[in-house]
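Participant: Let me see the structure of the following:
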Amino acid sequence: MTSPASSPPLRWTAPDGRWTEPDLHLFPQDGHRYEIVDGSLHVAPPEPESHETIVRAVVTTLRAAAPEGWWVCDRLGVEIGDSNLVPDVTVLRPRSSGASWCDPADVALVVEVETAATRRFDRLLKPSLYAEAGIPSFWRVEPGPLLRTYQLGAARYRVMHSIEGAEPVKLDAPYPVRIAPAAWIS
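Facilitator: Next up is the predicted model:
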């Protein structure tokens with residue numbers, strides 16, 4: 001019998017075909033973000049504490065303004081066809097299903113907080129998948145912080161606002177909320 005200290009590390013193998021949502025349960029809760037895009041696995045490294053500070057601040061801001069019945073969640077998965085994405089923040093409409101992997105029809109807003117490791121994913125790939133799924137609002141927080149808000153138009157997002165600084169700005173989507181990005185880092 002071997003002792004746990006001398007046991008070989010646990011190994012897993014990739015699926016024979018496409019990655020699916022149940023495959024995500026193979027991975028430890030180690031701070032990495034595991035997502036599936038069109039059946040392919042994408043792994044992002046653990047986020048810096050500055051990222052977590054902004055995520056918490058965005059959640060707090062959105063929750064404080066949320067009408068009754070709306071849900072604001074961090075890292076709630078969204079199932080989009082053969083993709084399983086995990087936005088930094090998700091706002092769910094009232095009477096949403098409450099499933100572990102929510103239906104895009106329940107989602108009013110997704111927010112991505114960009115880092116150097118996720119920049120292209122957050123600017124190019126994820127917004128296109130969210131738009132294809134019909135999610136009406138997308139926000140991206142860039143370093144600064146600078147908030148860019150987008151609304152779904154004809155199958156793609158169009159820029160609505162670029163907001164920075166400490167002066168609160170009123171937004172109407174997904175519901176009325178005042179945003180001051182500089183307050184998210186203080």
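Participant: The spatially most central residue of the chain: what's it in contact with?
Facilitator: Computing the C-alpha centroid of the chain and ranking residues by C-alpha atoms, centre = their mean puts Pro87 first, at 0.9 Å. Applying C-beta atoms under 8 Å, 6 or more residues apart in numbering to Pro87 gives the contacts Arg75, Leu76, Val78, Val110, Val111, Glu112, Lys126, Tyr130. No exception for glycine: its C-beta is placed from N, CA and C like everyone else's.
Participant: give me that answer again for 7 Å
Facilitator: By C-beta atoms under 7 Å, 6 or more residues apart in numbering, the contact set of Pro87 is Val78, Val110, Val111, Glu112.
Participant: My read is that Arg178 contacts Lys170, right?
Facilitator: Yes - counting by C-beta atoms under 7 Å, Lys170 is a contact partner of Arg178 at 5.5 Å.
Participant: related to what we said a few turns ago, can you list the contacts of Pro87 in a markdown table and add secondary structure?
Facilitator: Compiled in a markdown table, the contacts of Pro87 are given as follows (DSSP: H, G, I helix; E, B strand; the rest coil):
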| residue | secondary structure |
| --- | --- |
| Val78 | strand |
| Val110 | strand |
| Val111 | strand |
| Glu112 | strand |
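Participant: Out of the residues you listed, which is nearest to Val58?
Facilitator: Distances from Val58 to the contacts of Pro87, taken as C-beta to C-beta, are shortest for Val111 (5.7 Å).
Participant: Could you tell me the model confidence score at the nearest residue to that closest one once chain neighbours are set aside?
Facilitator: The spatially closest residue to Val111, leaving aside those adjacent along the chain, is Val89, at 3.8 Å (C-beta to C-beta, 6 or more residues apart in numbering). For Val89, the model assigns a pLDDT of 97.
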